[in-house]
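>>> Starting from these lines, generate the structure:
(chains A and B)
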Amino acid sequence: MRTLKLFSFPFVAMGTSCALFIYSTRNKANKAAKYAISEVLRIEARYSRYRADSVLSEINLAAEHGAAIDVDEETAGILDYAWSCYRKSSKLFDITSGILRKAWNFSHPILPEQGTLDRILPLIGLEKVIWEPPRLTFTIPGMELDFGGICKEYASDRAAGICKEQGIDHGLVDLGGDINVIGPNPNGEPWHIEIRNPAIPDTAITTIDVARGSLATSGNYERYIDVDGKRYCHILNPLTGWPVRGLSSVSVLAQQCIVAGSVSTIAMLKGKDGIQWLSDIGLPHLWVDGDGAMGKMLPELILF
Amino acid sequence: MNISGLGGGMPRISSGASSKMQSPAQNVPNISLQQSTSQGTTPAKTLAKSLNLINSLGNENGKNGNSINIYV
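From the prediction side, this is the model:
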């Protein structure tokens, strides 16, 4: 039996640094990586809000005019998933909330006027969109959808799935911190994944051993502004238009990255209530609050 | 092998990475938009599985673990 070597494939997609790590033979690793990365780029091309020719841009054109649009099977699957998250989160995980970008600029430490937020908030709320598959109907002109918080995680799952189809049993997909562990190294050793300390940049607060499964983290340290000694992070409450408070970081492990990602985001959106919610959900997790307290529910080894 | 700096942020190979880790630059293939010929897992199947999982959460699983608070 040939010894499996570790090959790494760094690439950029969805505005972030990504990488595949694959234990295999060179040819097999190259082939799997080519297909997996192609799939990530395919998903990016379909759901990027920066591309005028994307499916998402087509949807948002309909949204802008308060019109209806029929979507394909894959997009319908994403919308079904988004609606479930909306219900699961008591309307906090809302793919219509991306429009708040028009009020918040995290490049400059300036808070938006409440009046600006008040004008945008009526355009937010998934209940204002009628979803009767495959038809999506926007009842109010000027709304928009944003699949941030879903698509990168979904792409991580797809890339891992394609690697497995290509016969890869040992490896890891990392899309800007959205991790899907295909399998442990050939000796059975799990991947040791460090979780960033939200209070101290470039340090780890803990290490999690993952042999198989996914890990995603939401944190208030990715993009934020400090105004008058107060931190305002990029995770916005769609009901108020203001950044969430209470938790600094939530990491969740699940069989699929899309689930780990949405559960960690929902917990952040719930603030301190997210701690009990995470416990009720029952997935392995770790949270850090604004005072630096940390709680976790983690087995020694993650193996989904 | 260590992957660090995760947590929504930018991952990097830590300074303590295993010596088994090869230099990334040696192994980068030419990437073009190309779909796998395998029909095993389709996008729709992947999403259907995700939907089932998110819908099942909190229904039965919530009573499993104990949360441990650690103050740092």
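>>> For the rest of this, base every contact and every neighbour count on C-alpha atoms.
Noted.
>>> doesn't residue A:215 make contact with residue A:302?
No - counting by CA atoms under 8 Å, residue A:302 stays clear of residue A:215, with 9.7 Å between them.
>>> So which of these two has more stuff around it?
With neighbours defined as other CA atoms under 10 Å in any protein chain shown, residue A:302 and residue A:215 compare such that residue A:215 has more, 34 against 21.
>>> just to revisit the earlier point, if I look at residue A:302 and residue A:215, which residues touch both of them?
Each of residue A:253 lies in contact with both residue A:302 and residue A:215 under the rule CA atoms under 8 Å, 6 or more residues apart in numbering or on different chains.
>>> if I've got this straight, residue A:173 is in a strand?
Yes - counting by DSSP: H, G, I helix; E, B strand; the rest coil, residue A:173 falls inside a strand.
>>> Provide a list of residues in contact with it.
With contact taken as CA under 8 Å, 6+ apart, residue A:173 is in contact with A:18, A:19, A:20, A:21, A:156, A:159, A:160, A:179, A:180, A:181, A:182.
>>> do whichever helix or strand the fifth one is part of and chain B meet?
Spelled out, it's residue A:156. Under the criterion DSSP states H and E, the helix or strand holding residue A:156 is helix A:151-165. Yes - with CA under 8 Å from any CA of the partner chain as the measure, helix A:151-165 is seen reaching chain B through A:154, A:157, A:158, A:161, A:162, A:165.
>>> buried residues in that helix?
By 16 or more other CA atoms under 10 Å in any protein chain shown, the buried positions in helix A:151-165 come out as A:151-165.
>>> With stretch A:171-182 instead?
Of the residues in stretch A:171-182, those scored as buried under the neighbour-count criterion (16+ other CA under 10 Å) are A:171, A:172, A:173, A:174, A:175, A:176, A:177, A:178, A:179, A:180, A:181, A:182.
>>> Tell me how far the first one lies from residue A:15.
Note on residue A:171: its distance to residue A:15, by CA to CA, to the nearest Å, is 23 Å.
>>> Same question for the fifth one.
Residue A:175 sits 10 Å away from residue A:15 when distances are taken as CA to CA.
>>> Likewise for the last one?
Residue A:182 sits 23 Å away from residue A:15 when distances are taken as CA to CA.
>>> still on that earlier bit, just give me the closest of the residues of helix A:151-165 next to chain B to residue A:119.
Nearest to residue A:119 among those, counting by CA to CA, is residue A:154 at 32.1 Å.
>>> would JSON lines of the residues of helix A:151-165 next to chain B with pLDDT be doable?
Shown next, in JSON lines, are the residues of helix A:151-165 next to chain B (pLDDT from 0 to 100):
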{"residue": "A:154", "pLDDT": "98"}
{"residue": "A:157", "pLDDT": "98"}
{"residue": "A:158", "pLDDT": "98"}
{"residue": "A:161", "pLDDT": "97"}
{"residue": "A:162", "pLDDT": "98"}
{"residue": "A:165", "pLDDT": "97"}
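>>> in the chain, what secondary structure element scores lowest on mean pLDDT?
All of this refers to chain A. Evaluated with mean pLDDT, DSSP states H and E, the helix-and-strand set of chain A has its lowest mean pLDDT in strand A:302-303, which scores a mean of 80.
>>> that's the wrong chain, I meant chain B
Bottom-ranked secondary element of chain B by mean pLDDT, DSSP H and E: strand B:12-13, a mean of 34.
>>> Is chain B within reach of the strand ranked longest in chain A?
Of all the elements of type strand in chain A, the one with the most residues (DSSP state E) is strand A:204-219. Yes - shown here: strand A:204-219 in contact with chain B (CA under 8 Å from any CA) through A:204, A:216, A:217, A:218, A:219.
>>> Give me the local confidence score for the first one.
What the model reports as pLDDT for residue A:204 is 92.
>>> Ok, the one 10 residues further on next?
What the model reports for residue A:214 is a pLDDT of 96.
>>> likewise residue A:299?
86.
>>> Then the one 5 residues further on?
Model confidence at residue A:304, given as pLDDT, is 84.
>>> number of nearby residues for it?
Other residues lying near residue A:304 total 14 when counted by other CA under 10 Å.
>>> Residue A:91 too?
The burial metric for residue A:91, expressed as a neighbour count using other CA under 10 Å, is 19.
>>> how close does it get to chain B?
Using CA to the nearest CA, to the nearest Å, we find residue A:91 at a distance of 15 Å from chain B.
>>> Chain A: helices as residue ranges?
Secondary structure of chain A (DSSP state H): helices at A:26-47, A:55-64, A:73-88, A:114-120, A:151-165, A:257-269, A:273-281.
>>> right, and those helices - which one's nearest residue A:128?
Using CA to CA as the criterion, the shortest distance between residue A:128 and the helices of chain A is 11.0 Å, found for helix A:55-64.
>>> tilt between the closest one and helix A:73-88?
For helix A:55-64 against helix A:73-88, the angle by axes from the mean of the first three to the mean of the last three CA atoms, to 10 degrees is 60 degrees.
>>> so what does helix A:55-64 touch, helix or strand wise?
Helix A:55-64 sits against helix A:26-47, strand A:68-70, strand A:135-138, with contacts defined as 3 or more CA pairs under 8 Å, 6 or more residues apart in numbering or on different chains; DSSP states H and E.
>>> Any idea which of these gets closest to chain B?
With CA to the nearest CA as the criterion, chain B lies closest to helix A:26-47 of those, at 4.7 Å.
>>> Residue A:60: what's its closest spatial neighbour, skipping adjacent residues?
Using CA to CA, 6 or more residues apart in numbering or on different chains and skipping the chain neighbours, the partner closest in space to residue A:60 is residue A:144 (5.3 Å).
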